[in-house]
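Engineer: model this:
(one chain, ligands or ions: 1)
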Amino acid sequence: MSTLSTPRLKIAVLGSGSGSNCQSIIDAIRDGQLHAEIVCIISDVEDAFILERARQHDLPAQYVSAAPFKTKLDADAEQAYIKIMQDAGAEVIVLAGFMRIIKKGLLQAFDGRILNIHPSLLPSFPGLHAWKQALNYGVKVTGCTVHFVDEGTDTGPIIIQRSVPVLDDDTAESLHARIQVQEHLAYTEALRYMVDKCLHKEGRRVTVCTP
Ligand code: GAR
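Structural biologist: Modelled structure (predicted):
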């Protein structure tokens, strides 16, 4: 268990949207549930609500354009993102609804220290709108996954999964909302593992260990 004298884990958050996962991390830190600090928040979407949340909590945040590509960062943007996060002293990158694929440069700069949350029980339904994919497929259980990021799309080693039932009267919106409740718990839990315990990776298997 971390104490007041141990340094806080320095987290950078990347997001493209509402930032509710980022909010759950902000809240966990504020409530003393997570011994960490958010050292920077970057969005590739100028009017993303995640930036507004950052302002409301006086956290350093900025919009950094990732044009011209839609699904990845171009080389200049990648370097800009790396520099901002390194200058801020980030130890871990948390992807919180960041809708771009992470490429080699960023992976190498933060080797094994990038986490993502995905709204399905991977390896089912990688990619976009995973909750809609689950609903359309007709599965009865879906959920969310926190995983390390590798070169693939939603393919990295899994840290935590939480399940969510699919109800007969679910819409895409109601299902996503129920998944998000579990996402907020899962992300803070995964980060607590990194702060208070340690994560051991062997091949694809990740286990929680005692430091
Ligand atoms: C979350 O549901 C997250 O799992 C999803 O985007 C949403 C962002 O919500 N991410 C992906 O689909 C990535 N493949 P938030 O902005 O409120 O945290």
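Engineer: and whichever residue of the chain sits closest to the ligand, how far from Ile160?
Structural biologist: Going by Cβ to the nearest ligand atom, the ligand is nearest to Gly97 of the chain, at 2.6 Å. Every residue, glycine included, has its C-beta placed from N, CA and C. Distance check for Gly97 against Ile160: by Cβ to Cβ, to the nearest Å, it reads 17 Å.
Engineer: can you check Val141 too?
Structural biologist: As judged by Cβ to Cβ, Val141 and Ile160 stand 16 Å apart.
Engineer: who has more neighbours, the two?
Structural biologist: Ile160 (19 against 11; other Cβ atoms under 10 Å).
Engineer: element containing that one?
Structural biologist: Here Ile160 sits within strand 158-165, counting by DSSP states H and E.
Engineer: what pairs with that strand, parallel or antiparallel?
Structural biologist: With DSSP bridges as the test, strand 158-165 is paired with strand 141-148 (antiparallel).
Engineer: which SS class is the residue nearest to Ala172 when sequence neighbours are not counted?
Structural biologist: Nearest residue to Ala172, sequence neighbours excluded (Cβ to Cβ, 6 or more residues apart in numbering): Lys132, at 4.8 Å. At Lys132, secondary structure determined by DSSP: H, G, I helix; E, B strand; the rest coil is helix.
Engineer: and Lys132, how many neighbours?
Structural biologist: Number of residues near Lys132 (other Cβ under 10 Å) recorded here: 16.
Engineer: for Gln161, same thing?
Structural biologist: Using other Cβ under 10 Å, Gln161 has 16 neighbouring residues.
Engineer: which pLDDT value goes with it?
Structural biologist: In this model, Gln161 is scored at 98, pLDDT.
Engineer: lovely, talk soon.
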